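Trainee: Below are the sequence and a predicted model; questions follow.
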Amino acid sequence: MLTVDGCLGFPELRNAVVVAGSGGLDRPVQFAHVVEEPDIESWIRPGLVILTTGHALGEERIQQRWFQQLDHHHAAAIIVACGRYLNHIPDSMRRQADRYQIPLIQVPWDIPFISITSAIHHHIIQQQTKDLAQLATMQTQMTKSALSARSLDELLQKFMGIVRIPVRVVPIDTFTDCPSFVIPQEDLRNLKLSFPRLVSGPRYSGAFLDQLGRHMATVTGLYLLREQVVRIHQQHAQTRLIFRLLENTPASPVPAWSDDFGLPFDASHNHYLVMISRTDEGPQKSQTFDPATLIRNALEDLHGLVSEITGHSIWLGVFDALNNPESRIEHTVEGILGKLPALRAILSEPVDVRDIPASYRMLRYLLPHAPEGVLSRSSTLVYYGVLSDLPPVPMASLWKATWGRVPDPLLRRTLAAWLDEDGNTARILEQLSIHRNTLRNRLKRIAKLLGTPLSVGTAHQLRLARDWHNAVDSPFPAPRQDFP
């Protein structure tokens, strides 16, 4: 980018002298023109170097108006040829130049203005030609980067290697005090590409940076659009593979369909099934995101197979048990439930590929009976389903003969702690925060009410009665031969 200081290096200006305004020598220069009018506002453009004989600058008020307008329109400098109309540059002009930091340059009368303007314009044209060639090279490199990048972060790193300035993509409503360019694709207009300001680094002209940023934003948009197409293709492939798995039968050989669908799927491994369904009741915690997008994105981070069961608001995930620890799946699903607490979610035990259809049907059967906002285990729900189908009369008698004889809430809590901690005194005391003698007295009272010592056999009866009572509070429908 040509500056006033750079112009002073031209042979045509070897005898030029900066008499004032030296603080503005870094002002950019875009063109030069001869002006001899008192009223110059209509002649001024940003980056203009004015050449004058001083013929119109005899009055101080005109000088003052010149510098005010030059500063207002971001002009570059004034070059004055002294000799005929001005023997020297007056102090009043020097003061105005220093005030506005506009370089005031004196040249001898015998230097033709045409040689100065020609030198400036020749350099600018050469620089623009070089800029265009550099811009074309950078644009080609950016386009190639979009074809080879494997992620948006990698693409931005490639951009930074090309332009040698930081580049980032931010939401469009993010405040930035630096050049920003909206990504032009219709469905990506909520993003913009931004160049943070630099203290050091390459200095690009405003026009160059504008062209660079627009092309970079367009290339970024095309990359993201390509990623959307790839992702949609992968989603369709995952859906087709899941439905192929659900069509499998236990008698079928272990399938090897990875090559058919272009997906990383090892049919020789056991797999977890995760099923998530939204209930119709109750608002979610936030309406600032699309629930379906949140669920899919979170499950896809587990690198398994994910598909929505059309028409049922159900999401099904199939995840390799070897590559996805149970704790990781739990953490991901619990993160979803934390943001969407009105969801129901079930995690199966690891199953063979040939057992996926049966496991899927079981999850479909159990899902309406899973509690909201927590991840349920299929084995737990099956257990409570079995309990709910036990004969109610003898089970009610068992409840009355056990927990029904301990109506006191404090004693019931103590009995529950004894049951949950398998009779471990230290853990019971820690849970209840009571003294050892208090615990001993309460357990004696409970045993007296039950009419039997607190033993392993008693614990089995207490646990069965409690679990049955919890199950009938959320009764399951009558069991069916086949899961729907």
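Mentor: Thanks, I have it. All values reported here derive from a predicted model rather than from experimental measurement.

Trainee: Can you list the residue ranges for strands in the chain?
Mentor: Here the chain has its strands, by DSSP state E, at 17-20, 31-34, 48-52, 77-82, 104-108, 168-171, 180-182, 191-194, 271-278, 305-309, 314-320, 343-347, 375-377.

Trainee: Next, work out how far apart residue 176 and residue 166 are.
Mentor: According to C-beta to C-beta, to the nearest Å, residue 176 and residue 166 sit 12 Å apart. No exception for glycine: its C-beta is placed from N, CA and C like everyone else's.

Trainee: Count the residues that sit near the closest residue in space to residue 371 that isn't next to it in sequence.
Mentor: The shortest distance from residue 371 to any non-neighbouring residue, by C-beta to C-beta, 6 or more residues apart in numbering, is to residue 344 (7.2 Å). Counted with other C-beta atoms under 10 Å, residues neighbouring residue 344 total 22.

Trainee: Quick one: residues contacting residue 344.
Mentor: By C-beta atoms under 8 Å, 6 or more residues apart in numbering, the residues touching residue 344 are 276-279, 367-368, 370-372, 376.

Trainee: Residue 108 is in contact with residue 15, correct?
Mentor: Yes. Between residue 15 and residue 108 there is a contact at 5.6 Å, judged by C-beta atoms under 8 Å.

Trainee: I figured residue 20 was touching residue 99, is that so?
Mentor: No. The criterion here is C-beta under 8 Å, and residue 20 misses it with residue 99 at 9.2 Å.

Trainee: Neighbour count for these two, which is higher?
Mentor: residue 20 (23 against 14).

Trainee: got the contact list for that one?
Mentor: Residues in contact with residue 20 (C-beta under 8 Å, 6+ apart) are 89, 93-95, 97-98, 103-104.

Trainee: filter those residues to the buried ones?
Mentor: Taking 16 or more other C-beta atoms under 10 Å as the criterion, what is buried in those is 89, 93-94, 97-98, 103-104.

Trainee: Could you list which of these belong to helices?
Mentor: 93-94, 97-98 (DSSP state H).

Trainee: can you list these in TSV and add distance to residue 442 and pLDDT?
Mentor: Putting those into TSV (distance: C-beta to C-beta, whole Å; pLDDT from 0 to 100) gives the following:
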residue	distance to residue 442	pLDDT
93	101	93
94	99	94
97	95	94
98	93	94
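
Trainee: Switch those residues over to CSV; also include distance to residue 437.
Mentor: Shown next, in CSV, are these (distance: C-beta to C-beta, whole Å):
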residue, distance to residue 437
93, 102
94, 99
97, 96
98, 93
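
Trainee: Closest to residue 216 out of these?
Mentor: residue 97 (39.1 Å; C-beta to C-beta).

Trainee: Distance of that closest one relative to residue 472?
Mentor: Taken as C-beta to C-beta, the span from residue 97 to residue 472 is 94 Å.

Trainee: Check residue 101 too.
Mentor: Taking C-beta to C-beta, one finds residue 101 at 87 Å from residue 472.

Trainee: how near is the residue nearest to residue 371 to residue 123?
Mentor: 72 Å.

Trainee: can you redo the strands of the chain as a markdown table with distance to residue 430 and mean pLDDT?
Mentor: Listed next are the strands of the chain as a markdown table, based on distance: least, C-beta to C-beta, whole Å; pLDDT from 0 to 100:
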| stretch | distance to residue 430 | mean pLDDT |
| --- | --- | --- |
| strand 17-20 | 84 | 94 |
| strand 31-34 | 84 | 93 |
| strand 48-52 | 83 | 94 |
| strand 77-82 | 82 | 94 |
| strand 104-108 | 86 | 94 |
| strand 168-171 | 48 | 83 |
| strand 180-182 | 57 | 84 |
| strand 191-194 | 52 | 82 |
| strand 271-278 | 34 | 88 |
| strand 305-309 | 42 | 84 |
| strand 314-320 | 36 | 89 |
| strand 343-347 | 29 | 92 |
| strand 375-377 | 26 | 89 |
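
Trainee: Which of the ones you listed sits closest to residue 354?
Mentor: Across these, closest to residue 354 is strand 271-278 (C-beta to C-beta), at 10.7 Å.

Trainee: What lies in contact with the closest one?
Mentor: 291, 295, 299, 304, 312-321, 324, 326, 329, 333, 336, 340, 342-351, 353, 356, 359-360, 363-364, 367-368.

Trainee: can you check stretch 398-414 too?
Mentor: 415, 428, 432, 439, 442-443, 445-446, 449-451, 461-462, 464-466, 468-469.

Trainee: Let's see which of those end up in helices.
Mentor: 415, 428, 432, 439, 442-443, 445-446, 449-450, 461-462, 464-466, 468-469.

Trainee: rewinding a little: give the buried subset of the contacts of stretch 398-414 as a ChimeraX selection command.
Mentor: Of the contacts of stretch 398-414, the buried ones go into a single ChimeraX selection, burial set by 16+ other C-beta under 10 Å:
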select :415,428,432,439,442,443,446,449,450,461,462,464,465,466,468,469
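
Trainee: what's the pLDDT at the closest residue to residue 470 other than its chain neighbours?
Mentor: Nearest residue to residue 470, sequence neighbours excluded (C-beta to C-beta, 6+ apart): residue 384, at 7.1 Å. With respect to pLDDT, residue 384 scores 72.
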